[in-house]
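K.L.:
Prediction below, plus the sequence it came from.
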Amino acid sequence: MARILVFLATIAAALSGVAALNWWMDPLGDRYHPRFLDQALSQPKPCFISWALLGSRTWGEYKVDLFSRAHRDVVVVGSSRVGKISARPGETGFVNLGAPGIGADSLPPLFERLHSLQRGALTVYVSVDPFWFGKAWHTDTNFTPSFLRELKVLLSAQLAGETARLLRYAPGAIRHPQKLQYTELEQTPHGCLIDRGHAVGNKIGSAWAPDGSLYFWEDIFPNPSHLTRGLMILKQRGLVGNRLSKRQMASLARALQLARSYGWRVVGVSLPFAPHSVHELVANPAYATVFKDFRAQIPRVFAEHGFPFLDLTNIGSVPCTAAEFTGDDEGHPDIACSARVRAKLDAAARAEPTPR
Amino acid sequence: MLFNSYAFLCVFLPAVVAGFFLLPRQGLRVAFLVIASYVFYAYAQWWFPALMIGSTAISFTTGRLLVAERNRSRRKLVLGIGVAGALALLLYFKYTQFAAGELSSFVNVITGRGLPSLKAFTAGILLPVGISFYTFEAISYMVDVYRGDVEVERNPLRYAFFISFFPHLIAGPIVRYGKLAPQLRRFYRFDPDLMLSGLVLFSLGLVKKVVLADQIAARTDALLAQPGQLGLATSWAAMIGYAFQIYLDFAGYTDMALGLARMFGIELPWNFDRPYRAASPREFWRRWHVTLSTWLRDYLYIPLGGNRKGPRRRDANLLATMGLGGLWHGASLSFVFWGLWHGLLLLVQHHLERLPIRLPRPLAVAVTFVLVTVGWVFFRMRSPGPIADVLTAMAGGNGIGASPERLLLVLIGVAAVLMWCVPEEWHWNLGRFGFWRLVPIGIATALAILLLNDTQRFIYFQF
């Protein structure tokens, strides 16, 4: 029996050691540090926060923290495609809670947290994407802490490899890991940027604006030569399937049910794709079923809960032009197009009766 | 549910082991493990257990009918119906799509358009994991009862245990009822040495799979993704890497299965014995997937006449057995070619044995390894173009080309040392291992757990 215990204890000790070291060193910035947001909000000018400071696993926590910093009237949630929907000048009640990797199953826990932080009226723009409903979609951004999820991350070989690499180049970092969390304040054409290692300027990452909207490196440091757009190849994988994912549909319905019970005003929206992408999504049999069902069924789900839905898939319905997209694909409306989308959403919200 | 998944390691296994030892009677334990095995199977698809119940019911009922019937021809008929019933499930789920595809291609040649509606209908058929394994187990039981080699099982629960026991359910080893039945009748008292042996064997299997097979796979997959780009060096590195990968993957799974069964006091048959130590194709099949090769021998090759009806008939029987053995692996002509390749090797060996030439053993081992590795090209690449590309590269048709990645060579080196210098793990007296051996194995297991996020499915799950 003693040898069984020794064997199991060896495994447990080795795993605990690796997990503790990964947690202590946090080489990928997987632990959320609110001080970056404090620093950004304390600047006199609008100040962006680089992704180099906020690892993708912290985005959920960051967005919830951002929401809690002021009284909010209007929020937008969705994938990176809502990234450019931003506050109007001087508007403090708006926050963009969108982030890459959000799916329909991110929404119920997010809504529960928002409601726990702020009771009362709230207008929520829910941007729903077709690729959430294919069989290969995987939601990466979560809004509720999970011990098991954290443990799985801490026990990954990839993180252990990053920790080992860090310690190889900077062995002293093991004593002062917080010194790895230094920041630089850079001036940009829009205001300022809190970054590390000039990551955004070096085209490594993007940055969050003070209202939570998402800016790519070329939005912050404009470079007219960067125009290599292609189809949303990665996202299209999420569109493969022969029916809408039941799990994601149930999550969406649950989120809308929660919103109704909280007395929120909700407007659903499907954001524009460039015409070339829409044509591909309609014509390619691998994606066509999910895309067609999405356009037919999602407005109905919103209607069943008493909420309007704007199908802005075609650029003409906003209207935007085929050139008004940003990033490396044809799925991210740029600032000008997003401002028009926001105006449409505001108008739809105003047309809705005030919820009880 | 994969053995190499958090759900299995952190929830299913601890719960089942704890539940098993808390139950005071053998009957309850058997029932508990049957339920757990069905839950395990349902984790893949909720309706898979219904299929297994069907196969179990067919073979159990056939066994009962066989002992009740005295008339020889009627017994034959009962056996035929039982075997056909078990095979019908396998044929429908595993081979309908393949047959429809081939038929459609054939019709296409004649009429200019295939059978799109038939292809579309069969495209939706999902292959239930493990069906090839438990169908063969069910057939072996029916034939053994017919032959009088085993006592018929009258307890449906014990029989359901034989078919469904989760350690061997998905990818073997293919268990014979005669070996398992006596172990189900005695109450197993907790034995720390046997539990330790099971834990360590399971852990070593996990290490083989996750630390070696998957790491080799990450590198060989990258090379074999572009077979037209391979040179002599990279093609051989990729295929030797694949030869070790498939061994470590499948033998790792089998070690895990044997280790799991030991935790419940059950000894499953071993399946591998360092197969690349074989000095001939025949010896290879005595070391590789042994429970399949003995099944094919006992239930196919010998009933076909084996070597009792002259050399020509023996050669034909060998080719038929190995071709069907290849087809058992997957519904694809490339598996049939792989089987026929091995059939041809066995046949050539039979004929060469009449010559007074004997190769020194190390040379014979090397030649056998090379021939087996060439066979893996059919197994791995699946379609004619890529198969031709890899064989051309291996023959030097594309020149020597670039050097393979150093880490791939290191991993192949480690696998080679394991293959030729260390005995297969089930030989080890694991229950007597002391602290100085347990600690490094524990650390290697921790490393395997760290790598679980990047792990791949077992290759044999698809069969």
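P.N.:
That came through, no problem.
K.L.:
tally of neighbours for residue 309?
P.N.:
As the question left the chain open, I've gone with chain A. Residue A:309: 19 surrounding residues under other C-beta atoms under 10 Å in any protein chain shown. Glycine gets a C-beta too; all of them are placed from N, C-alpha and C.
K.L.:
let's do chain B instead
P.N.:
What residue B:309 shows, counting by other C-beta under 10 Å, is a neighbour count of 12.
K.L.:
Next: residue A:146.
P.N.:
For residue A:146, using other C-beta under 10 Å, the count is 11.
K.L.:
Now it. Its backbone dihedrals?
P.N.:
The phi/psi pair for residue A:146 (degrees, to the nearest 10) reads phi -140, psi 120.
K.L.:
likewise residue A:333?
P.N.:
Dihedral angles (degrees, to the nearest 10) for residue A:333: phi -60, psi 140.
K.L.:
For it, list each beta-bridge partner.
P.N.:
residue A:325 (DSSP bridges).
K.L.:
pLDDT (mean, whole number) over the helix or strand hosting residue B:77?
P.N.:
Using DSSP states H and E, residue B:77 falls within helix B:72-90. Average pLDDT, helix B:72-90: 92.
K.L.:
Mind giving me the packing neighbours of whatever helix or strand comes next after it?
P.N.:
Next in sequence after helix B:72-90, counting helices and strands by DSSP H and E, comes helix B:96-111. With contacts taken as 3 or more C-beta pairs under 8 Å, 6 or more residues apart in numbering or on different chains; DSSP states H and E, helix B:96-111 sits against helix B:116-123.
K.L.:
Now the element after the helix it packs on, going C-ward?
P.N.:
Next element after helix B:116-123 (DSSP H and E): helix B:131-147.
K.L.:
for that following helix, packing partners?
P.N.:
helix B:48-68, helix B:72-90, helix B:156-164, helix B:166-169, helix B:177-185, helix B:290-296, helix B:311-329.
K.L.:
That one vs helix B:177-185, what angle?
P.N.:
Counting by axes from the mean of the first three to the mean of the last three C-alpha atoms, to 10 degrees, helix B:131-147 lies at 90 degrees to helix B:177-185.
K.L.:
Buried residues in helix B:131-147, which are they?
P.N.:
B:131-146 (16 or more other C-beta atoms under 10 Å in any protein chain shown).
K.L.:
Spit out the contact partners of the residue of the stretch 301-450 of chain B found nearest chain A.
P.N.:
Going by C-beta to the nearest C-beta, chain A is nearest to residue B:442 of the stretch 301-450 of chain B, at 2.9 Å. The contact partners of residue B:442, by C-beta atoms under 8 Å, 6 or more residues apart in numbering or on different chains, come to A:6-11, A:14, B:203.
K.L.:
ranking the residues you listed by neighbours, who comes first?
P.N.:
residue B:203 (26 neighbours).
K.L.:
helix/strand/coil for that one?
P.N.:
helix (DSSP: H, G, I helix; E, B strand; the rest coil).
K.L.:
how deep is residue A:31 tucked in, by neighbour count?
P.N.:
The number of residues near residue A:31, taken as other C-beta under 10 Å, comes to 13.
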